[in-house]
Every structure is written in C-alpha cells, then in structure tokens.
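A.B. asks: Sequence below, structure please.
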Amino acid sequence: MGKRGASSAGPPGTERRSSSEIRISGKAKSGHTSEKRRQYKVVVMGVGGVGKSALTMRFVHGCFYEKLNATIEDLYQKELLVNSSEPVLVEILDTAGMEQFNNMTDLYIRNGDGFLLVFSMLDLTSLSHVVKLRDHILRVKDTTTDGVAMLLVGNKLDLVTSSSQLNAAKSLAQQCALPYMETSAKSSHNVDLAFTNLVQNIIVIEMLNTSARDSSASAAGGAAGKILSSGCGALFSRFSPQGTTSSGHYSTGSGGYAAVDRHRRPTRCCIL
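C.D. replies: Numbering: from 1, shown residues only. Below is the predicted model:
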C-alpha cells in the first residue's frame, strides 16, 4: 500500500510500516537500540485532504509530493533529538480522514501519546471537525487539555493568498484553546518544528505526571509512617467523630491520606 507509484524508501534512520507491509529504509545511525530509547507515539489526525500525509512525509523523508494516494493507515518511525544528547524514537501514525469517529479512532487515541490535529487554511470547515476531535480525545483519555499533548496545525500556508484568509484561520484557531502553528508541507515551513514541539510537550506532560505520582507516593508514605509509629491501637482509639485522627493524618471521609491529592492534574504547559 504505497503513497505514490514510486518506491517509498526514505533516508537512513527512518522506517515506514503499513497494515499490509513493512518497508525499512535504513538502519538508525545511533548505537542505541529502540528498546533502550524512549519511544513516543504521535497520531496525525484530521479530515481527508488537509495534508496529513504530506506533512508526515515531509517530516520523515524530507520530501513533498503533489499527489498522494488516499491514506488507509501508515506507520513511520524516526529518531528525534529533543533537548538532550539522547535521541528519542518517534512513532508516527498517519491516519485516514476522520469525518466520523469509530472504534479505530478510539484505539488510536488510547494508544497515542500526542496528537497533531491538522486542518486546511483554505477550508475552515475542516477546523470545526478538529474541535470535535479535540473533545473526543479528551473524553477517551478522560482528562483535560492540560493532561494530553495536542498541537493544532493550520496547513497549506503556501496557498493562502490574502490576509483575510490568514486572519480568519488565526481567529478561529485561537478559539480552540490549543497550541497553534501554521505549516506548509510544500515549502517545509514549520513542519519539523511542529513535530518537535509536540514531542517536547509529550515529554513535559510525562515529567509532570511522574513528578505528581512521586510526590503523592512520598506524601502517602510519610503519613503512613506517622500513623504506624503511633501504634494501631492508638490510631483507632483516636478517631474523632468526623472520622479524622487527632493528629489529622488520616480521614475516612476523604477515602485515604489527607496529604494525597489523588486527582491532581499537571499544570498547563505549551512549548512553542
């Protein structure tokens, strides 16, 4: 299942896979194996014809093709250096046009770490679908916009011929409450930066979530130590009528240690 009539082999360090075939275009130059490297899954989503495949091909292979076959599902891998001497492995899923949601859409979302939501700057109706995609991602992930990496991309900037088109796209994009970039797969404007920024946001959110879990575990451990040191008999004899110990370390009403915020969300972080 090729994107075009010619061979789809890319430069060294990239790999492309589809549902019907695997094409490896070269070995990664790094001495690190993929198992040792951090790996992140990026899902490129949007309606048909907005340039999702063109953006992906430009980023992975550095090429632009005027005509591409309709995508069913294509998977690519590429090493990316993001604020570190150690490269990360980015797995990019180029999806078919998503005018309607289905079980496959939910599967992509559950497995994805970050989402490139693409619309055409020449067709602003494609942006309204991106808004629905954003909301659907949040429902499936059961989180807020702070808890998942998403980047809104206005593609085909090279074909915008008037400032009114540009301003209309920017105005509507701002209402989506997502980080926003304008790209051109043809000229390569902002393409690498869009993917890199999205992966940076994935890493930041991962770090925030890890920090939140570690802080919660540390707080829970400290509270548990104080309770156990006082002795179980003393603990149960000191429950107040409100279900709290006299030292205030545990509350039956809260369902756990009072020091633990079990629903903490990471703060919003956008890197552009």
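
A.B. asks: how about the helices of the stretch 1-150 of the chain, start to end?
C.D. replies: 52-61, 103-111, 125-141 (DSSP state H, counting those that start in this stretch).

A.B. asks: Ok, which of those helices comes nearest Leu117?
C.D. replies: With Cβ to Cβ as the criterion, Leu117 lies closest to helix 125-141 of the helices of the stretch 1-150 of the chain, at 4.7 Å. Using the backbone N, CA and C atoms, a C-beta is placed for each residue, glycine as well.

A.B. asks: Residues touching the closest one, excluding its own?
C.D. replies: Contact with helix 125-141 is made by 45-47, 49-50, 98-99, 101, 105-106, 109-110, 115, 117-120, 144-145, 147-148, 150, 152, 154, 169, 172-173, 176, 178, as judged by Cβ atoms under 8 Å, 6 or more residues apart in numbering.

A.B. asks: Apply 7 Å and report the result again.
C.D. replies: Under the criterion Cβ atoms under 7 Å, 6 or more residues apart in numbering, residues 45-47, 50, 98, 101, 106, 109-110, 115, 117, 119-120, 144-145, 147-148, 150, 152, 172-173, 176, 178 lie in contact with helix 125-141.

A.B. asks: highest average neighbour count across the helices of the stretch 1-150 of the chain?
C.D. replies: Between these, the one whose residues have the most neighbours on average, counting mean count of other Cβ atoms under 10 Å, is helix 52-61 (a mean of 25).

A.B. asks: CA atoms only: put that one into PDB for me.
C.D. replies: Included here for helix 52-61 are C-alpha records, laid out as PDB according to Å, rounded to 0.1, in the frame of the first residue of the first chain:
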ATOM      1  CA  LYS A  52      -1.800  15.000   6.900                       C
ATOM      2  CA  SER A  53       0.200  12.600   4.800                       C
ATOM      3  CA  ALA A  54       2.100  15.400   3.100                       C
ATOM      4  CA  LEU A  55       3.200  16.800   6.500                       C
ATOM      5  CA  THR A  56       4.200  13.400   7.700                       C
ATOM      6  CA  MET A  57       6.200  12.600   4.500                       C
ATOM      7  CA  ARG A  58       7.900  16.000   4.700                       C
ATOM      8  CA  PHE A  59       9.000  15.400   8.300                       C
ATOM      9  CA  VAL A  60      10.000  11.800   7.900                       C
ATOM     10  CA  HIS A  61      11.600  11.800   4.400                       C
END
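
A.B. asks: Output the contacting helices and strands for it.
C.D. replies: strand 39-45, strand 73-80, strand 88-95, helix 191-229 (3 or more Cβ pairs under 7 Å, 6 or more residues apart in numbering; DSSP states H and E).

A.B. asks: So for the second one, what gets flagged as buried?
C.D. replies: Read that as strand 73-80. Of the residues in strand 73-80, those buried by neighbour count under the rule 16 or more other Cβ atoms under 10 Å are 74, 76-80.

A.B. asks: Can you redo the residues you listed as a markdown table, where the extra columns are distance to Glu206 and pLDDT?
C.D. replies: Compiled in a markdown table, these are given as follows (distance: Cβ to Cβ, whole Å; pLDDT from 0 to 100):
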| residue | distance to Glu206 | pLDDT |
| --- | --- | --- |
| Asp74 | 25 | 89 |
| Tyr76 | 21 | 95 |
| Gln77 | 19 | 95 |
| Lys78 | 19 | 95 |
| Glu79 | 18 | 93 |
| Leu80 | 15 | 91 |
